[in-house]
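Colleague: Build me a model from this:
(one chain, ligands or ions: 1)
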Amino acid sequence: MTVSATASSGVSYGAMAWAERGSCRDMDPDTLFVPGAAQHRAKRVCASCPVRVECLTEALDNRLEFGIWGGMTERERRSLLRRRPDVESWRPLLDATALRSAAAAR
Ligand code: SF4
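Modeller: Purely as a prediction, here's the structure:
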């Protein structure tokens with residue numbers, strides 16, 4: 001996708017500079033806005049994305065309902081938000097989780 005593109009969902013990536021570094025940057029944005037089980041196939045592109053934390057932060061902080069963001073489906077994000085209604089800013093929590101994962105992988 002191109003970062004100035006707008007998916008059919010209405011989401012615009014134009015204001016998100018980090019999206020220029022996303023693994024999905026050359027994909028059609030609509031690829032990430034598919035229904036149901038197809039989301040699990042679509043999110044594979046996120047596995048090695050260098051801006052996964054930024055992307056997921058955007059979705060969680062802004063309660064974005066639709067599409068794949070940061071390697072999570074719509075349903076997965078809803079579940080996470082229900083479990084952690086106390087979190088208003090996700091970046092510190094996601095950074096800490098990423099650090100723990102990196103340390104565990106060593
Ligand atoms: S985490 Fe996934 S949806 Fe987000 S920018 Fe990276 S590849 Fe695209």
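
Colleague: same for the longest helix along the chain, what does it pack against?
Modeller: Counting residues, the longest helix found in the chain (DSSP state H) is helix 91-105. Contacts defined by 3 or more Cβ pairs under 8 Å, 6 or more residues apart in numbering; DSSP states H and E place helix 91-105 against helix 52-61. For every residue, glycine as well, the C-beta is placed using N, CA and C.

Colleague: Does the ligand have contacts with the helix it packs on?
Modeller: Yes: remark: helix 52-61 sits within contact range of the ligand at R52, C55, by Cβ under 6 Å from any ligand atom.

Colleague: got the CA coordinates for that helix in CSV?
Modeller: Extracted in CSV, the C-alpha atoms of helix 52-61 (Å, rounded to 0.1, in the frame of the first residue of the first chain):
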residue,chain,number,x,y,z
ARG,A,52,4.4,-3.3,14.7
VAL,A,53,4.4,-1.5,18.0
GLU,A,54,3.6,1.9,16.5
CYS,A,55,0.8,0.3,14.4
LEU,A,56,-0.8,-1.5,17.3
THR,A,57,-0.5,1.6,19.5
GLU,A,58,-2.4,3.6,16.9
ALA,A,59,-5.2,1.1,16.8
LEU,A,60,-5.5,0.6,20.5
ASP,A,61,-5.2,4.2,21.6
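
Colleague: How about the residues of this protein by the ligand?
Modeller: 19, 22-24, 32, 45-46, 49, 51-52, 55, 68-71.

Colleague: Apply 5 Å and report the result again.
Modeller: G22, S23, C24, V45, C46, C49, R52, C55, G70 (Cβ under 5 Å from any ligand atom).

Colleague: Tell me who's in contact with the first one.
Modeller: Just to be clear, that refers to G22. Applying Cβ atoms under 8 Å, 6 or more residues apart in numbering, we find G22 in contact with C49, P50, V51, C55.

Colleague: Apply 6 Å and report the result again.
Modeller: C49, V51 (Cβ atoms under 6 Å, 6 or more residues apart in numbering).

Colleague: Next up, phi/psi of it, please.
Modeller: phi -70, psi 150 (degrees, to the nearest 10).

Colleague: ok now stretch 52-66, how far from the chain's centre?
Modeller: Offset of stretch 52-66 from its chain centre (Cα atoms, centre = their mean, to the nearest Å): 5 Å.
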